[in-house]
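>>> Sequence and predicted structure, then a few things I'm wondering about:
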Amino acid sequence: MTTKPSALGAESASLPRRESRSAGAGADERGLMAMRDLADGFSRRWLWGAMAWQDVLQRYRGSLLGPFWLTLSTAIMISSMGVLYSTLFKMPMATYLPFLTLGLLAWNLISGLIVEGCQTFLVAENIIKQIKLPLSTHAFRLVWRSLIVAAHNFVVYVVIVFLFDVPLGPATLLVVPGILLVAANGIWVAILLGMLCARFRDIPQIAASLVQIAFFMTPIIWKPELLGPYEHLAHLNPFFAFVELIRAPLLGQAPHPTTWAIAVLVTLIGGGLTFAAFARFRSRIAYWV
Amino acid sequence: MQASISLENVFVEFPIYQGGSRSLKKALLRAGTGGGIARDAANRVTVKALAGVDLRIQHGDRVALVGPNGAGKTTLLRVLAGVYEPTSGRVTVEGHISPLFDVGLGLNADATGYENIRMRGLLMGMTPAEIEQRMASIAEFTDLGDYLAMPVRTYSAGMTLRLAFAVATSGHPEILLMDEWLLAGDSNFLEKARRRLADFVNRSSILVLASHTEALLTEWCNKGILLDRGNVVAFGPIREVIEVYHRRRTGDA
């Protein structure tokens, strides 16, 4: 039977034409499949981009301010906490408030990635069980959504810059690699926690309380200098490193070399660990959710 | 190149996480007790959904999946779609697959019909350019007219179905996998869907349809697979398979 070739029937480049799936694949093959999942997932930027935007719109649909509600609540929190803690710590508002603001903005992004990372695959259950997609798509969707939400808080930063005359300089540009590094870590966190939480349903609670503890242990509302002789301990806190990657450049300072070193180390270790776990358990995720 | 599907000795086992084994604490405790309890089979009950399925589906085959509830029809469809990777065995698929299991896939009730067509198209692996290129023909096929600019919340079940069917078949996939729900359409639309499916099968593609409605199966399919408890009991011309199915049912009764 011959049929006229149809223009609409053009093969989608994004779809593999031939596939072979077999169980009991060797470690090499598993690694290869995990790699392909990540590459295919990333190449579907249209899909995860659209899903992330839809998530943001969905969350704030029907509300007047939309995602700017978050901006507003951040602004209110900063003004009240700024007054309280600058008095408690006896610090001038002009230096304390920008520090607190950027710490909180960075923390919102980081903690959001961790807490929502627990739901990476669970919220996508419907899609995972209906259609074959690279599973990493869901991680990219989550990280992109978090970045979109974080970008709305930029307004608060602009206000702070004008109000307190925050010095801007070439160091400010370091925020770009800083955010990229945070996003890269968001990807492995989303995949690793997403898998763990799909398999063990009590991990989200554990993660949420650990994140809360980390908030108080990390210099966000307090300055590391307050630790006196123990200040160097704060620099070893990986959460501090990632907060600093965003906070320091936006305050016009270059992050400390230790900060970069710790952040890169965490990225390599976390990324490697996650890749191993993803290669091993990727095919089980559909059974877990 | 012609579409084909082949399954060799495919097993699918579902782990049943009864309360406890979902818990991290229990998993750690098990690890801490020297693994003795971990080896206890009772801790991880598994259900065999497919037990050694061998199949070879060729281009032009319109295959009906029949069998009682729990026979493994949905699981088999999901294995074909690549959703479940088999616990053991090999699955080889030649050709683009378009699964049509759930009308609600990726559906956002607050978004308009057009927006949902775009999102569903992206989910099925199309690029935005491909979707725009096909938009006119998809919109035409749905027969929804001005409704496409309205939120999907306002649609009836049948209207949502048209939208899903139009997108799923728009790329002229070589392999179409469908679950029972297709019957929900009104007769006018079914006629249209039938024509598209007939056209589709003429391109020597594969259709796999799971259903309980015999009239539909004998009309649409030329082959049948009878599944029972994860095993292929019969595979052959549709009428013979349905006959075997009836014999077994009366035999069981």
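Here it is on my side, so go on.
>>> ok, how many other residues are close to the residue in chain B positioned nearest to chain A?
Nearest to chain A in chain B, going by CB to the nearest CB, is B:Gly82, at a distance of 3.5 Å. (Glycine included, C-beta is placed from N, CA and C.) Other residues near B:Gly82 come to 18 when the count uses other CB atoms under 10 Å in any protein chain shown.
>>> how near is it to B:Leu207?
Computed as CB to CB, to the nearest Å, the B:Gly82 to B:Leu207 distance reads 17 Å.
>>> for B:Arg247, same thing?
According to CB to CB, B:Arg247 stands 26 Å off from B:Leu207.
>>> These two: which is more packed in?
For B:Arg247 versus B:Leu207, neighbours defined as other CB under 10 Å are more numerous around B:Leu207 (21 against 10).
>>> show me what contacts the more buried one?
Contacts for B:Leu207 were tallied using CB atoms under 8 Å, 6 or more residues apart in numbering or on different chains; they are B:Asp61, B:Arg62, B:Val63, B:Ile175, B:Leu176, B:Met178, B:Leu197, B:Phe200, B:Val201, B:Trp220, B:Cys221.
>>> And it, its phi and psi?
When read as degrees, to the nearest 10, the backbone of B:Leu207 gives phi -120, psi 130.
>>> same check, this time on B:His96
Backbone torsions for B:His96, taken as degrees, to the nearest 10, come to phi -70, psi 140.
>>> I figured it was touching B:Ile175, is that so?
Yes. Between B:His96 and B:Ile175 there is a contact under CB atoms under 8 Å: 6.7 Å.
>>> what about the closest residue to the residue of chain B closest to chain A other than its chain neighbours, which SS state?
Nearest non-adjacent residue to B:Gly82, counting by CB to CB, 6 or more residues apart in numbering or on different chains: A:Lys132, 3.5 Å away. At A:Lys132, secondary structure determined by DSSP: H, G, I helix; E, B strand; the rest coil is coil.
>>> who's in contact with A:Lys132?
By CB under 8 Å, 6+ apart, A:Lys132 lies in contact with B:Ala81, B:Gly82, B:Val83, B:Ile97, B:Pro99.
>>> What does the residue of chain A at minimum distance from chain B show for phi and psi?
Taking CB to the nearest CB as the measure, chain A has A:Lys132 as its residue closest to chain B, at 3.5 Å. The phi/psi pair for A:Lys132 (degrees, to the nearest 10) reads phi -80, psi 120.
>>> Which parts of chain B are strands?
Using DSSP state E, the strands of chain B run over residues B:4-16, B:45-57, B:62-66, B:88-94, B:97-100, B:175-178, B:206-210, B:223-228, B:231-237.
>>> element containing A:Leu100, please.
helix A:93-117 (DSSP states H and E).
>>> Show me the helices in chain A, by range?
Applying DSSP state H to chain A gives helices spanning A:27-43, A:45-59, A:68-88, A:93-117, A:125-130, A:136-152, A:154-164, A:175-199, A:203-217, A:231-236, A:238-250, A:257-281, A:285-288.
>>> count of residues packed around A:Gln119?
Neighbours of A:Gln119 under the rule other CB under 10 Å: 18.
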